[in-house]
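Visitor: model the structure of this input:
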Amino acid sequence: MPSDMPQKPQKSSSEPATAFSPNEGDDRLRPSGEALSLPTFVAGSGTLDRLVETARDYAKQATSENTLKAYAKDWAHFMRWCHRRGADALPPSPELIGLYIANCAAPDTKAPALSVSTIERRLSGLAWHYQQRGFTLDRKDRHIATVLAGIRRKHARPPVQKEAVLAEDIRAMIASLPFDLRGLRDRAILLIGYAGGLRRSEIVSLDHGKDDTPDSGGWVQIEDDGAVLFLRGKTGWREVEIGRGSSDQTCPVQALERWLHFARIDFGPLFRRTTRDNRRALDARLSDKHVARLIKQTVLDAGIRSELPEKDRLALFSGHSLRAGLASSADVDERYIQKQLGHASAEMTRRYQRRRDRFRVNLTKAAGL
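Guide: Numbers count the residues shown, from 1 in each chain. Model (predicted):
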């Protein structure tokens, strides 16, 4: 790092801490989606003002809600880091950001060091926020790129993957559920999520029909041979086909039909909360956190990986265990799994396959050795 980078005077450690808001008092710190306004040479009117609000709404929809939340945390963390060191976050300084990511990897406080993937995500969040404010962050600048390369070389580790829920596991998990209203709902969640290879956010975003609710992420269409899910995912809309199973007990489509029938759902969110007495479905959509909790609890109740302590068992499984389970268990051409999961590349699909035959194609023998 160059030693001649301009620095602001450091504040005394005895100076009392003050509350800091990243967007306080400086319009430059506000994302452009929030600051959208009429050009200065155009006179305002009721119609144009409404269009401004519409444009702001569309700007917010350009990035998924979960990504926006993560980027907001990244930006707030960077702003606090700058504030404590008397530095300006704007305009972007590659030198300053190089120091920031170095501090993330090797903190000078009691804060834990961040993983390489988290630091890379932080950089993406900063680049997005700078773009929203009319700036460009050059991540290839040597002050950033060389520091990041060194962090990767020293700290990078193979990704920690969650355990896949396999076919025998999912059967044991749904067998642990009761046949009351919540049990019917949770059984449908597990089977639909597993057979569709769905993310937990995709499961709970489903509606009964198209355009039922403003926050819908898709809808379901039940047919004689199965169900078709129309999903708005990370890369746009895709269709997920879930065929009927070979057994009534494990058929995801039948499980969904039972839940819809007894919950009396014909409009709105597909998976929703129930009353305390467990006799009626409410209007409120379930949170995606329910799916993660459901997987962990049924893993425990079904005795999966019972040789491990409970804490380790809980850490092994998450919402992604359903997607990994489908990718690992379905003995079909890899292209069909890739399509079902909505992956752009086969390499991404292989990351989800925990039990694939790595040596099915033996290039050593094929090359004559």
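
Visitor: where in the stretch 201-350 of the chain is pLDDT low?
Guide: Confidence mapping of the stretch 201-350 of the chain against pLDDT under 70 gives the ranges 234-235, 331-332, 343-344, 346-350.

Visitor: what are the buried residues along stretch 318-331?
Guide: For stretch 318-331, the neighbour count (16 or more other C-beta atoms under 10 Å) marks 318-330 as buried. Just so you know, the C-beta spots here come from the backbone N, C-alpha and C atoms, and that holds for glycine as well.

Visitor: put the alpha carbons of whichever strand or helix holds residue 232 into PDB.
Guide: Using DSSP states H and E, the element containing residue 232 is strand 226-233. This file holds the C-alpha atoms of strand 226-233, laid out as PDB (Å, rounded to 0.1, in the frame of the first residue of the first chain):
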ATOM      1  CA  GLY A 226     -47.900 -33.900 -11.500                       C
ATOM      2  CA  ALA A 227     -47.400 -30.200 -10.600                       C
ATOM      3  CA  VAL A 228     -45.700 -27.500 -12.500                       C
ATOM      4  CA  LEU A 229     -44.100 -24.700 -10.500                       C
ATOM      5  CA  PHE A 230     -43.500 -21.300 -12.100                       C
ATOM      6  CA  LEU A 231     -40.700 -19.700 -10.200                       C
ATOM      7  CA  ARG A 232     -39.000 -16.400 -10.300                       C
ATOM      8  CA  GLY A 233     -35.400 -17.200  -9.300                       C
END
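
Visitor: quick one: name whatever helix or strand follows it.
Guide: By DSSP H and E, the next helix or strand past strand 226-233 is strand 236-243.

Visitor: tell me what that following strand is packed against?
Guide: With contacts defined as 3 or more C-beta pairs under 8 Å, 6 or more residues apart in numbering; DSSP states H and E, strand 236-243 has these neighbours: helix 181-196, strand 226-233, helix 252-263.

Visitor: of all those, which gets the most neighbours per residue?
Guide: Comparing these by mean neighbour count (mean count of other C-beta atoms under 10 Å), helix 181-196 ranks first with a mean of 24.

Visitor: where is the longest helix in this protein?
Guide: helix 65-84 (DSSP state H).

Visitor: look up which helix or strand residue 163 falls in, please.
Guide: Applying DSSP H and E, one finds residue 163 in no helix or strand.

Visitor: give me phi/psi at it?
Guide: Main-chain dihedrals, residue 163, degrees, to the nearest 10: phi -70, psi 140.

Visitor: now do it, the pLDDT please.
Guide: Looking at residue 163, its pLDDT stands at 83.

Visitor: just the one 4 residues further on next, same as before
Guide: Confidence per residue is given as pLDDT, and for residue 167 that number is 87.

Visitor: break down the stretch 1-150 of the chain into its helices, ranges please.
Guide: 32-35, 46-60, 65-84, 94-105, 116-132, 142-155 (DSSP state H, counting those that start in this stretch).

Visitor: put together a markdown table for the helices and strands packed on strand 236-243, with distance to residue 284 on each row.
Guide: Written out in a markdown table, the entries for the helices and strands packed on strand 236-243 read as follows (distance: least, C-beta to C-beta, whole Å):
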| stretch | distance to residue 284 |
| --- | --- |
| helix 181-196 | 13 |
| strand 226-233 | 21 |
| helix 252-263 | 13 |
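
Visitor: so which of those is nearest residue 129?
Guide: Minimum separation from residue 129 across these (C-beta to C-beta) falls at strand 226-233, 23.8 Å.

Visitor: assign residue 324 to helix, strand or coil.
Guide: helix (DSSP: H, G, I helix; E, B strand; the rest coil).

Visitor: the nearest residue to it once chain neighbours are set aside: neighbour count?
Guide: For residue 324, ignoring the flanking residues on the chain, the nearest one in space by C-beta to C-beta, 6 or more residues apart in numbering is residue 164 at 3.8 Å. By the criterion of other C-beta atoms under 10 Å, residue 164 has 22 neighbours.

Visitor: before we move on, what about residue 279?
Guide: 10.

Visitor: same thing with the one 3 residues further on?
Guide: Around residue 282 sit 12 other residues, with neighbours defined as other C-beta under 10 Å.

Visitor: check the spacing between it and residue 181 real quick.
Guide: According to C-beta to C-beta, to the nearest Å, residue 282 stands 11 Å off from residue 181.

Visitor: now for those two: what residues contact both?
Guide: Taking C-beta atoms under 8 Å, 6 or more residues apart in numbering as the contact rule, residue 282 and residue 181 both touch residue 274.

Visitor: taking the centroid of this structure, which residue is nearest it?
Guide: residue 66 (6.0 Å; C-alpha atoms, centre = their mean).

Visitor: go ahead and confirm it touches residue 201.
Guide: Yes - between residue 66 and residue 201 there is a contact under C-beta atoms under 8 Å: 6.7 Å.

Visitor: confirm residue 337 sits in a strand?
Guide: No - read with three-state DSSP, residue 337 is helix and lies in no strand.

Visitor: quick one on the thing from earlier: relative to residue 210, which of the helices and strands packed on strand 236-243 is closest?
Guide: Using C-beta to C-beta, the helices and strands packed on strand 236-243 put strand 226-233 closest to residue 210, at 7.3 Å.

Visitor: got the angle for the closest one vs helix 181-196?
Guide: On the basis of axes from the mean of the first three to the mean of the last three C-alpha atoms, to 10 degrees, strand 226-233 is oriented at 80 degrees to helix 181-196.
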